[in-house]
Structures are given as C-alpha cells and as structure tokens.
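A.B. asks: quick check, what structure comes out for this input:
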Amino acid sequence: MTDLSTRYLGLTLPNPVVASSSPLTEKIDDLRRLEDAGVSAVVLPSLFEEQISIESNDLDLYLSHGAESYAEATSYFPDMGSYNLGPTGYLTRLSEARKALRIPVIGSLNGVSTGGWTRYARKLEEAGADAIELNVYHVPTDPAQSGLDVERMYFDLVAEVVGTVKIPVSVKLTPFLSAPAHVARRLGELGARGLVLFNRFYQPDFDLEKLEVVPSLNLSTAWTLRLRLRWAAILWGNTSADLAISGGVHTSSDVLKSMMAGARVAMVASSVLRHGPEHVRTLLDGVREWMASHEYESIQQMQGSMSHQHCAEPAALERANYMRVLRSFALRGR
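C.D. replies: Numbers count the residues shown, from 1 in each chain. Below is the predicted model of the structure:
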C-alpha cells in the first residue's frame, strides 16, 4: 500500500499536505472541513506583532505621527485592532481548534522584534499549539540597515523564541535574503526545526482619483512554485531544519515536485480558497495514483531525489540551467 506519511517539525504526519495560514484556517467549521478533506496539519492565521503592541496604545501614535501633513499617506495605516481576533481572541481560538481537531495545530506569529513575540510564543504553547511558525515579514527600508543587520535580526529572534518554548519552531522566510543558504544553515543550528519557503510580500497599488493606497491581493499561481522548488532543491541536505514549500501548490503534480525538491510538506492556501477544502482530496488522490503508476512505495522515498545534494558545485549548475533556459527560448523562436 502506498505510504504518504512524512515527518515535519518532529511530528509524524499521515501525508505531506498542510493547510497554510489563510481565511480558511480561521474558523472552527472550516478547520474541520480541511481535516475531513485530508490535510495533515493546519497553520492558523498570523497574530501580528502590531496587534500585540497596540495593547500598550503605542502603535496608533507611532504610525500617525506626521501623517496629517501628507493626507495621501494616511491610507497606508490600517486599523490593527480590527484585524482577526486580536491577541486574547487568538489564544482562545487556538485552544478551541486544538480541542476540536485530531491533527496538529500550528500557531503563527508575524513580526520582526523580540520581546512581545517571546511572550506570546509562550502563550501559544500554553494554549495548546503543537508548533509555532514565525513569519518574519520585514521590508528593510532603512538605508543604514545592511544585509548582515537583517540576518542578525533573524538569528536573534529565532534564538530567543527557541530558547523560550519547548514545542517546535519553524521560520517562514523571505526569498529576498542576500545569502539564503547561509541563513538556512544558521537557523537550523540555532534550533529552528523547520523553514517555510517563502512568505509573499503583497504589494499595494495607488488609486489616482482618490489619492489612496489600495490593497491588492492576488492568489498564487503554479508559476509561484518555481522559486520555491529551486531553493528547496538547493537547501536540501544543507540545513538541519525540515523544509516546507508554501506558495504555488495547486495540483498533485505540484505536491510531488515539492517532495522531490526536498520539502517534507507542501502547504496549500490559494488552491483551497479557489476550489474549497475538498480540493485536498483531489490532491491526495492524484499523488497516490502517480506513485502507484511509477512504482513509488512511499513519500519519503522520493524526498530530495531531485535536489542539488549530489551536485559538487550547485552554483555552476544554476548558471548552466540559466543558459539552457535562454537557449531553449532562442531555439523555439526560430
């Protein structure tokens, strides 16, 4: 019988499909639908550092300071108190989810600094989270902040959170780091049990008539997966942390490619938002069918099979592939 089981964050999961943070992981009824459809774990929507900060009434003053001089800029600043359930409600929902579900529940924290994160990481653990995902969403806008400063921020944050809780901690990385392989290895050394590739930076647009900044959210497509596959293949075997792919997983083929690149789990959000939680069954059925037809006995058998681990010089391979792609396009145009 085909074995779909995998290991992620020290947890034994029945299959590699995990529901990533999205509106579908916020309500208990939707979480039950995802579980019934076959996901092996769920990541709750993020609790933002700004929501923690707003408890001290500092954030609104900080954001709005000087904004009255530039009316157009005020539309950048959301009402953070209205986003999801807030810190107290979040902990309650996590506790409810943990009691309602049989599968692991992963809490998510989104921020860039220590202090409040550390305190709430401990609270997530106390509320019953099986693991914590740190979503480090940071845009380095300060010209004085170097790439080394950014990396040090990651390292300090992860070291402090890992030293505070006993449950596994994963880190959701940005694809825009200057040295992702170094960061991945160092985070594993600091105790991160997993690395999620990658978070998405949602770019706003400008409304030229209202002179407002407007939010713009586009669900991922299969093309989004390419960057994640590439870096999973590079990082496989070069970090002690488990790899997860998040972004662009829409079909059973995408799940299989994620495994072969080196991921332990493939996270879904956009595909289940488009097609509903029941789409997970389609993904898993497709994985089973492909494995049976290609005589794979287990998911673990294929994990990392198409990674760069067996290449003596991955950088040279990447440049060779780059030239190969350009060459294929030139030939197609003749």
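A.B. asks: what's the helix or strand where residue 43 lies packed up against?
C.D. replies: If you go by DSSP states H and E, residue 43 is part of strand 42-48. The helices and strands touching strand 42-48, judged by 3 or more Cβ pairs under 8 Å, 6 or more residues apart in numbering; DSSP states H and E, are strand 17-19, helix 28-37, helix 86-100, strand 105-110. Placement of C-beta: from N, CA and C, glycine included.
A.B. asks: just put those in a markdown table and tack on mean pLDDT, mean neighbour count and distance to residue 163.
C.D. replies: Listed next are the helices and strands packed on strand 42-48 as a markdown table, based on pLDDT from 0 to 100; neighbours: other Cβ atoms under 10 Å; distance: least, Cβ to Cβ, whole Å:
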| stretch | mean pLDDT | mean neighbour count | distance to residue 163 |
| --- | --- | --- | --- |
| strand 17-19 | 98 | 29 | 26 |
| helix 28-37 | 98 | 17 | 30 |
| helix 86-100 | 93 | 17 | 21 |
| strand 105-110 | 94 | 26 | 15 |
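A.B. asks: using a markdown table, lay out those together with distance to residue 180.
C.D. replies: Rendered in a markdown table, the data for the helices and strands packed on strand 42-48 read as follows (distance: least, Cβ to Cβ, whole Å):
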| stretch | distance to residue 180 |
| --- | --- |
| strand 17-19 | 21 |
| helix 28-37 | 30 |
| helix 86-100 | 30 |
| strand 105-110 | 20 |
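A.B. asks: quick one: low-confidence ranges for the stretch 101-250 of the chain?
C.D. replies: Within the stretch 101-250 of the chain, the segments meeting pLDDT under 70 span 116, 201-202.
A.B. asks: coming back round to it: who touches the strand holding residue 43?
C.D. replies: 18-23, 25-26, 31, 34-35, 80, 83-84, 87, 90, 93-94, 97, 101, 103-111, 120, 124, 133, 135, 267 (Cβ atoms under 8 Å, 6 or more residues apart in numbering).
A.B. asks: the strands in this protein, which residues?
C.D. replies: 6-8, 11-13, 17-19, 42-48, 105-110, 131-135, 169-173, 194-197, 205-207, 212-214, 242-246, 265-268 (DSSP state E).
A.B. asks: how much space between residue 278 and residue 24?
C.D. replies: 12 Å (Cβ to Cβ, to the nearest Å).
A.B. asks: got any residues that touch both of these two?
C.D. replies: residue 33.
A.B. asks: the two - which one has more neighbours?
C.D. replies: Counted by other Cβ atoms under 10 Å, residue 278 and residue 24 do not tie: residue 24 has more neighbours, with 20 against 13.
A.B. asks: residue contacts, the closest residue to the more buried one other than its chain neighbours?
C.D. replies: Using Cβ to Cβ, 6 or more residues apart in numbering and skipping the chain neighbours, the partner closest in space to residue 24 is residue 30 (4.8 Å). Taking Cβ under 8 Å, 6+ apart, we find residue 30 in contact with 23-24, 277.
A.B. asks: ok, now with 10 Å
C.D. replies: By Cβ atoms under 10 Å, 6 or more residues apart in numbering, the contact set of residue 30 is 19, 22-24, 42, 272, 276-277.
A.B. asks: now do residue 105
C.D. replies: Per Cβ under 10 Å, 6+ apart, neighbours of residue 105: 25, 31, 41-44, 93-99, 124, 127-131.
A.B. asks: distance of it relative to residue 130?
C.D. replies: On the measure of Cβ to Cβ, residue 105 and residue 130 end up 6 Å apart.
A.B. asks: swap in residue 224?
C.D. replies: With Cβ to Cβ as the criterion, residue 224 and residue 130 are 27 Å apart.
A.B. asks: okay but residue 231 is in contact with residue 243, surely?
C.D. replies: Yes - if you go by Cβ atoms under 10 Å, residue 231 and residue 243 touch, sitting 8.7 Å apart.
A.B. asks: neighbour count: the two, which is higher?
C.D. replies: Between residue 231 and residue 243, counted using other Cβ under 10 Å, residue 243 has the larger neighbour count: 27 against 23.
A.B. asks: show the contacting residues for the closest residue to residue 199 other than its chain neighbours.
C.D. replies: Spatial nearest neighbour of residue 199, chain neighbours left out: residue 172 (4.7 Å); criterion: Cβ to Cβ, 6+ apart. Counting by Cβ under 10 Å, 6+ apart, residue 172 touches 20-21, 43, 46, 108-110, 133-137, 194-200, 244, 246, 267.
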